[in-house]
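In: predicted model and sequence follow; I will ask about them next.
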Amino acid sequence: MTKLRIFETIRNKFAHPVNPMAVGVDWGQRGFRCKQMLGSPGREWRDFVHCANKLVTILKGRLEFDVAGTLFDAEEGDEIFIPAGAVLTVRNTAPTATSWLYGNDGTQGSVGWLQIPDTSAC
């Protein structure tokens, strides 16, 4: 069994306001796709496992991540790496909608997000 790479956060990797095109170019050069998502205040995505390595960058707002039991907050411009196979919960902790970019690399066929307990595709 391969040991998981721990999640990593780079604070303020991208200048404010975050330019989605610049993020897309950066990620593309590193083998990651780039899509945008919007979450309403208080929204939570609980206990997911993804089969590809993920990057996330906050465009506007704030998200709280729980990766394998470790909590951390991410704000505008931060880049978060989440390893394939990690158990993940994401919460929008901002008082308004939060928008962010996310992308996956080509590991394990990049099938995307799978809600636990269905990890058979990983």
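Out: Looks like it arrived, so ask away.

In: now for residue 75, how many residues are close by?
Out: Using other C-beta atoms under 10 Å as the criterion, residue 75 is surrounded by 16 other residues. All C-beta spots, glycine's among them, are computed from the backbone N, C-alpha and C.

In: revised request: answer the last question for residue 43.
Out: The number of residues packed near residue 43 is 14, by other C-beta under 10 Å.

In: going forward can the numbers begin at 8, since that is how I track them
Out: Will do, 8 is the new start, and the previous item becomes residue 50.

In: what sits against residue 19?
Out: Contacts of residue 19 were listed using C-beta atoms under 8 Å, 6 or more residues apart in numbering, and they are 84, 85.

In: buried residues in the helix or strand harbouring residue 30?
Out: Assigned by DSSP states H and E, residue 30 belongs to helix 27-36. Within helix 27-36, the residues that count as buried by 16 or more other C-beta atoms under 10 Å are 27, 30, 31, 33, 34.

In: centroid-nearest residue for this structure?
Out: The chain has residue 63 as the residue nearest its centroid, 3.5 Å off, counting by C-alpha atoms, centre = their mean.
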